[in-house]
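Give me a model of this one.
(4 chains)
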2 protein chains.
Amino acid sequence: MSKPAPAAKRRIDRDALLPPMAQFLLENGVHAASLRPLAKAAGTSDRMLVYHFGSKDALVEEVLMWLADRVQAQLGQLVPAQKEGTLADFATMLFDLLRQPMLRPHLALLMEVSACCARGQDNFLIVCQQVVDSYHTWLVDIMPPTEGDRTAAVAHMLATVEGALMQDMAGREAFARMALERAFGD
Amino acid sequence: MSKPAPAAKRRIDRDALLPPMAQFLLENGVHAASLRPLAKAAGTSDRMLVYHFGSKDALVEEVLMWLADRVQAQLGQLVPAQKEGTLADFATMLFDLLRQPMLRPHLALLMEVSACCARGQDNFLIVCQQVVDSYHTWLVDIMPPTEGDRTAAVAHMLATVEGALMQDMAGREAFARMALERAFGD
DNA sequence: AAAATAATGTAGCGAGTGCTACAAGAGGGA
DNA sequence: TCCCTCTTGTAGCACTCGCTACATTATTTT
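Next up, the predicted model:
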């Protein structure tokens, strides 16, 4: 037992910086994130952030990846599986859930990063993929029973609710709710 | 006839700066837009941009508004009205259309700005509303005949396609196409 | 022609950016 | 004890940011 502790201790300290920086990203977005404010949020210095993560870009990527890793677990605790009920009610519940202030920053961050991907910023693509996959896995578990291909049903649900949320964020909640009702209404 | 020309000439010069700056925003996004690069794109100086528009924020807002004003007209020339055909085919056509390189920057910009709105950046809200409304008006005109409330049908179409596009931009085209097929397939 | 107004260039300010050189403290291994 | 690696603070560099003061040139009005 020659060198057990040192590596462990470094890792622990470094990872402790991630949660406050993730919170900062959620509140301010990736574009507003610069080293000094991030360091202040994490209770350290810009010097240390670069020391630990190599560069600002690598840091942001790692924080986003850390956040993406936690999405599925967080979502899992939010809603119990719906073994019965209509898809219409479920869609409305999902819409209202993702719309509320607690989850809005997550959605805003996902949209911001997705917009980067749309411009070919492929260093964020893996993050986006993981988040979308997490949403899918989550819905597969909790969505009411469906007929036919479950994966397609989940993709349909996610697309409809996300599209409705886009219209809602653009100040058109009425359109969003109309879309949901038309998509899953009787 | 005391003061006919001066105001006219000033306006003309000023408005001529908008198209190249709009192009810059489309290519680089609002967050990457700073005065000097914008001025270079428009063939003028940062000094002049502030002189004409008052501030950078007012400038970006005005350029976005100018772009939003043009969206509906541009979309109108893109697709003839579909007097017949299935909604499934139409949705796929719409998805492929908005996905192509020519229109992707528009979508990326809309998502970026919508994300700002989701964080409460309400100076962009009017822009988002106008763009969404333009899409609606466009679809009302060109979408195949539908039963029931046409506005709801359009909102449904838009939500589904935009949601699918979000999954596509996040690197999950397969999910996107599954969602479209499930939403409008037979 | 004189005066007033509009338009533009030059230079720069204070603040913030990512990042780095340098040195010093801290801790354990020899 | 000495040394060596890890960690951290200080100071600063070169750059960009939005914006402005000042001066100068056009153009128009009187």
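
all contacts plus neighbour counts: C-alpha atoms, from now on.
Will do.

Help me confirm that A:Asp168 comes into contact with A:Ala179.
No - look at A:Asp168 against A:Ala179 with Cα atoms under 8 Å: they stay out of range, at 10.7 Å.

Of those two, which one has the most company?
Neighbours were counted for A:Asp168 and for A:Ala179 using other Cα atoms under 10 Å in any protein chain shown; A:Ala179 has more, 27 against 22.

Tell me the first helix or strand C-terminal of the helix or strand of chain A with the lowest mean pLDDT.
Confidence across the helices and strands of chain A bottoms out at helix A:5-15, with a mean of 61, counting by mean pLDDT, DSSP states H and E. Next helix or strand after helix A:5-15 toward the C-terminus (DSSP states H and E): helix A:18-28.

is the very next helix or strand once past that following helix anywhere near DNA strand D?
Past helix A:18-28, further along toward the C-terminus, the next helix or strand under DSSP H and E is helix A:35-42. No - using Cα under 7 Å from any atom of the strand, helix A:35-42 stays clear of DNA strand D, with a minimum separation of 9.5 Å.

Check which residues of the helix or strand following helix A:35-42 are buried.
For helix A:35-42, the following helix or strand on the C-terminal side (DSSP H and E) is helix A:46-53. Neighbour-count burial for helix A:46-53 flags A:46, A:49-50, A:52 (criterion: 16 or more other Cα atoms under 10 Å in any protein chain shown).

Any chance you could list what contacts helix A:46-53?
Helix A:46-53 has contacts (Cα atoms under 8 Å, 6 or more residues apart in numbering or on different chains) with A:14, A:35-36, A:38-39, A:55-56, A:59.

And the buried ones among the residues you listed, selectable in ChimeraX?
Selection command for ChimeraX covering only the buried members of the contacts of helix A:46-53, criterion 16+ other Cα under 10 Å:
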select /A:35,38,39,56,59
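
Can you tell me which of the contacts of helix A:46-53 lies closest to A:Met143?
A:Leu59 (35.0 Å; Cα to Cα).

Which secondary structure element is home to the closest one?
A:Leu59 belongs to helix A:56-76 when assigned by DSSP H and E.

any idea of the angle that helix forms with helix A:18-28?
With axes from the mean of the first three to the mean of the last three Cα atoms, to 10 degrees defining the directions, helix A:56-76 sits at 90 degrees from helix A:18-28.

which other helices and strands contact helix A:56-76?
Applying 3 or more Cα pairs under 8 Å, 6 or more residues apart in numbering or on different chains; DSSP states H and E, we find helix A:56-76 packed against helix A:18-28, helix A:46-53, helix A:125-142.

6 Å - rerun?
helix A:125-142 (3 or more Cα pairs under 6 Å, 6 or more residues apart in numbering or on different chains; DSSP states H and E).

which residues touch the helix it packs on?
Helix A:125-142 is contacted from outside by A:65, A:68, A:72, A:81-82, A:117, B:170-171, using Cα atoms under 6 Å, 6 or more residues apart in numbering or on different chains.

Stretch A:102-118: which residues count as buried?
For stretch A:102-118, by 16+ other Cα under 10 Å, it's A:104-118.

Oh, that last question was meant for stretch A:142-156, not what I typed.
Residues of stretch A:142-156 classed as buried: A:142-145, A:151-156 (neighbour count, 16+ other Cα under 10 Å).

swap in stretch A:62-77?
Residues of stretch A:62-77 classed as buried by neighbour count (16+ other Cα under 10 Å): A:62-68, A:71-72, A:75-76.

What of stretch A:84-98?
So, applying 16+ other Cα under 10 Å, buried residues of stretch A:84-98: A:86-88, A:90-91, A:94-95, A:98.

So which of these is the closest to B:Leu26?
Looking across the buried residues of stretch A:84-98 and measuring by Cα to Cα, the closest to B:Leu26 is A:Leu98, at 28.1 Å.

relative orientation of the helix or strand hosting the closest one and helix A:125-142 in degrees?
Under the criterion of DSSP H and E, A:Leu98 resides in helix A:87-99. Relative orientation of helix A:87-99 versus helix A:125-142 (the same axes, to 10 degrees): 140 degrees.

elements contacting helix A:87-99?
Against helix A:87-99 (3+ Cα pairs under 6 Å, 6+ apart) you get no helix or strand.

Touching the helix or strand hosting A:Ala183 from outside, list them.
In the assignment (DSSP H and E), A:Ala183 maps to helix A:173-184. Outside helix A:173-184, the residues within contact range by Cα under 6 Å, 6+ apart are A:88, A:164, A:167-168, B:152, B:155-156.

Take the residues you listed and write them to TSV, including distance to A:Leu25, secondary structure and pLDDT.
Converted to TSV, the contacts of helix A:173-184 look like this (distance: Cα to Cα, whole Å; DSSP: H, G, I helix; E, B strand; the rest coil; pLDDT from 0 to 100):
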residue	distance to A:Leu25	secondary structure	pLDDT
A:Ala88	33	helix	97
A:Ala164	24	helix	98
A:Gln167	23	helix	98
A:Asp168	22	helix	98
B:Ala152	35	helix	98
B:Ala155	31	helix	98
B:His156	32	helix	98
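
quick one: A:Asp13 and DNA strand C, what's the gap?
Counting by Cα to the nearest atom of the strand, to the nearest Å, the separation of A:Asp13 from DNA strand C is 14 Å.
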